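1. Next comes the sequence, and after it the predicted model I'd like to discuss.
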Amino acid sequence: MRPQVIFHSFGYLTEAAGVTIAISFAGIALGFLIGAAVCIGRLSGRRWLETLGGVYISVFRGVPLLVQLLFIYYFLATLGLDVPALVAAIGGLGFASGAYQAEILRGALNAIPSGQSEAAVALGYSPLDRWRLILLPQALRLAIPPLINEFILLLKASSLVSVVGIAELTRVSMNIAAMTYRPLEAYVGGGLFYLAINLALAGAGALAERHFGSAR
Amino acid sequence: MNWDVLLHYAPSLIGGFGVTVMCWSAGCALGLLIGFAIALGYEARFRTLRALLRCYVEVVRGTPFLMQLFLLYAGGPSIGLRLSATAAGILGLGLYSSAYFSEIFRGGFAAVPRGQVEAAMSVGMPPRFILTRIRLPVALVVAAPPIVNTLIVMSKETVVLSIITVPELMYQMQTMAAETFTAFDAIFAMAVFYWLLVEFVSRLGRRVERRATAFLASHA
C-alpha cells in the first residue's frame, strides 16, 4: 500500500467526483420529473394510465440498471442516432430512478391523513389550492428522507455509467489503476471519494429533515 | 429478433444462467452468515469492536458495488489475495450484502419486546436458549420481508459481476452479441429475461415470506 499514489492522483479524482455528482444530480432531477408524472398517472383514476404506470414501475425496477444502460446506449445506436454517452447515462439513471421515485411520492401522498383533503374540500379550497397548499407541502416533507436515500443509491449506481465510457469516479479510478499499476491504491482512493460524498449527502439529509420535518 | 442466434448460443446462455444462480445463492448465503455474525457482534461488550463493525457497515453501504469488486479482484493481489473472477464475485457479493443483512438482523433483534427477554431471564433460561428460542424467532418474523427484498435486489446486482469477467448470464450474452453483431437483440432479450426473472422471484418471495411469517408467528 503506497498512499502517495492516491495523493498524486488527487486532482484527477476530484474532477471525476465532480462528474459523478453532476451526473447523479441530473439523473435524480430527471427521475423526479418522471416519478412525479408516473405518480400522477397512477393516482389519476383512469384505468389505462394506472396500468401504464404500474408496468413502467415494474419494468424499470425489475430490469438491472446495467442492462437498461446498455439497452439505451445500443438502442439509440440502432436508430442511427449518434447520441453522446452522457445522454444515455443520464437517461438510464433518470428512467430507473423515476420508477423508484414514483413509489416514494405515492407512499408520501398516501401517508397524509384523508381528513386533510376532506377538510380542504369542506372549506371550499379549489382543487389547485388543495394540492398547492395542503397536499404537496406535506407530501414533499414526508418524502425527504426516502428521496435522500434514493439519491445515495443513485450516486452509487452511477458507477455503472463507467461502462458506457464516461470518465466519472469509477472509470477514472480504473484509468489510474492502469497507469500506475497500483489498483489497490486507485480503488481505495476512488472508494474514499464515494464515501465522502455519501456521508455529506446523509448529513445534508439529516439537516433537511430537521429543518422541514419539525412542522409535522 | 434473431432467434437462430439465440438458439445457437443456448448452451452457453444456460450455462451462464447457472453461474448467475450459483453466484447469487452462494454470495447471499455468505452475506446472511456474515450479516448475522455482525448483528450478534453489536452486542459485544467491547466498544472498539462495535465501532469497527459500524465502520465496516458504513463503508460497504457507502461505496458502489462495482468499486468493491474492482478492489477485491484487481487490488486483492497487492495484499496477497489472489482470487479467480468467480470467487472474487461471490466473496464481493457476500461482503456487500452482509452490510445490508446485518442492519436487517439488528432491526429484527431491536424489535423483540424487552419484557419477553426479561421474562426468560427471570425463569432462569440460559442465554443461548434465550437467543434461539425467544429472540431469534421473533427477530426472524420481523426480518423476513426485508430479507426477501434484499435477496431480490442482490439478484439484480449479479449482473455487475460480468464487468469483472465472471462468466454469468450477462457476460455470455455480451459475448454472443460481440461475436454475432446482434447487440440490440441480445440486450433486448436480456432485459425481458431479467424482468420476468425478477417478477417471478418477487412473487415467489412474497409467498414464501407470508408462509414463513405465519409459521414463525405461530411458533414464537
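-> Looks like it arrived, so ask away.

2. quick one: low-confidence parts of chain B?
-> Counting by pLDDT under 70, chain B has low-confidence residues at B:1, B:219-220.

3. Contacts only, for the residue most central in space within chain B.
-> By C-alpha atoms, centre = their mean, chain B has its centre lying nearest to B:Cys28, at 3.4 Å. When contacts are counted by C-beta atoms under 8 Å, 6 or more residues apart in numbering or on different chains, B:Cys28 touches B:93-94, B:97, B:151, B:154. Every C-beta, even on glycine, is put in place using the N, C-alpha and C of the backbone.

4. will you turn those residues into a markdown table that also has secondary structure?
-> Converted to a markdown table, the contacts of B:Cys28 look like this (DSSP: H, G, I helix; E, B strand; the rest coil):
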| residue | secondary structure |
| --- | --- |
| B:Leu93 | helix |
| B:Gly94 | helix |
| B:Ser97 | helix |
| B:Leu151 | helix |
| B:Met154 | helix |
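
5. that older thread, sort out which residues of the host helix or strand of the residue nearest to the centre of chain B are buried, please.
-> According to DSSP states H and E, B:Cys28 maps onto helix B:10-41. Under the neighbour-count criterion of 16 or more other C-beta atoms under 10 Å in any protein chain shown, helix B:10-41 has B:12-13, B:16-17, B:19-20, B:22-24, B:26-28, B:30-32, B:34-36, B:38-39, B:41 buried.

6. hang on, B:Phe105 packs against B:Ala144?
-> No. Using C-beta atoms under 8 Å, B:Phe105 is not in contact with B:Ala144; the gap is 11.3 Å.

7. What is the burial count for B:Phe65?
-> 22 (other C-beta atoms under 10 Å in any protein chain shown).

8. so which helix or strand takes in the closest residue to it other than its chain neighbours?
-> Distances taken as C-beta to C-beta, 6 or more residues apart in numbering or on different chains place B:Tyr96 nearest to B:Phe65, at 5.2 Å, with adjacent residues excluded. Using DSSP H and E, B:Tyr96 sits in helix B:85-110.

9. and that helix with helix B:10-41, angle?
-> 40 degrees (axes from the mean of the first three to the mean of the last three C-alpha atoms, to 10 degrees).

10. residues of the helix or strand containing B:Ala120 that come out buried?
-> Assigned by DSSP H and E, B:Ala120 belongs to helix B:114-122. For helix B:114-122, a neighbour-count test (16+ other C-beta under 10 Å) marks B:117, B:120 as buried.

11. Give the other helices and strands that the very next helix or strand once past it contacts.
-> As assigned by DSSP H and E, the chain's next helix or strand after helix B:114-122 is helix B:127-129. Counting contacts by 3 or more C-beta pairs under 8 Å, 6 or more residues apart in numbering or on different chains; DSSP states H and E, helix B:127-129 is packed against no other helix or strand.

12. what about helix B:127-129, distance to the chain center?
-> Centroid separation for helix B:127-129 versus its chain: 28 Å, with C-alpha atoms, centre = their mean, to the nearest Å.

13. neighbouring contacts of it?
-> Outside helix B:127-129, the residues within contact range by C-beta under 8 Å, 6+ apart are B:Ala120.

14. just stretch A:158-172 next, same as before
-> So stretch A:158-172 is contacted by A:12-13, A:15-17, A:19-20, A:23-24, A:27, A:65-66, A:69-70, A:73, A:85-86, A:88-89, A:92-93, A:174-175, A:190, A:193-194, B:64-67, B:70, B:160, B:163 (C-beta under 8 Å, 6+ apart).

15. which secondary structure elements does the top helix by length along chain A contact?
-> What stands out as the longest helix in chain A, according to DSSP state H, is helix A:10-43. Using 3+ C-beta pairs under 8 Å, 6+ apart, the elements in contact with helix A:10-43 are helix A:47-62, helix A:85-111, helix A:136-157, helix A:169-180, helix A:183-213.

16. In JSON lines, list those helices along with mean neighbour count and mean pLDDT.
-> Formatted as JSON lines, the helices and strands packed on helix A:10-43 follow (neighbours: other C-beta atoms under 10 Å in any protein chain shown; pLDDT from 0 to 100):
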{"stretch": "helix A:47-62", "mean neighbour count": "16", "mean pLDDT": "90"}
{"stretch": "helix A:85-111", "mean neighbour count": "21", "mean pLDDT": "91"}
{"stretch": "helix A:136-157", "mean neighbour count": "19", "mean pLDDT": "90"}
{"stretch": "helix A:169-180", "mean neighbour count": "21", "mean pLDDT": "91"}
{"stretch": "helix A:183-213", "mean neighbour count": "18", "mean pLDDT": "88"}
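
17. got a markdown table for these, with distance to B:Val112 too?
-> As requested, the helices and strands packed on helix A:10-43 are exported to a markdown table (distance: least, C-beta to C-beta, whole Å):
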| stretch | distance to B:Val112 |
| --- | --- |
| helix A:47-62 | 32 |
| helix A:85-111 | 27 |
| helix A:136-157 | 25 |
| helix A:169-180 | 40 |
| helix A:183-213 | 27 |
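
18. quick one: secondary structure of residue 82?
-> Looking at chain A here, since you left the chain open. coil.

19. Chain B was what I was after
-> Per three-state DSSP, B:Arg82 ends up coil.

20. quick one, what contacts the residue lying closest to it once chain neighbours are set aside?
-> Excluding the flanking residues, the one nearest B:Arg82 by C-beta to C-beta, 6+ apart is B:Gly76, at 6.7 Å. Listed by C-beta under 8 Å, 6+ apart, the contact set of B:Gly76 reads A:184, B:82-83, B:88.

21. Also B:Ala143?
-> Listed by C-beta under 8 Å, 6+ apart, the contact set of B:Ala143 reads B:104-105, B:107-108.

22. Would you point out the most distant pair within those?
-> B:Phe105 and B:Gly107 (7.3 Å; C-beta to C-beta).

23. Specify which residue of the two has the higher count of neighbours.
-> B:Phe105 (24 against 14).

24. Give me the distance between the residue nearest to the spatial centre of chain A and A:Pro127.
-> Centroid-nearest residue in chain A: A:Ile28, 3.4 Å away (criterion: C-alpha atoms, centre = their mean). As judged by C-beta to C-beta, to the nearest Å, A:Ile28 and A:Pro127 stand 28 Å apart.
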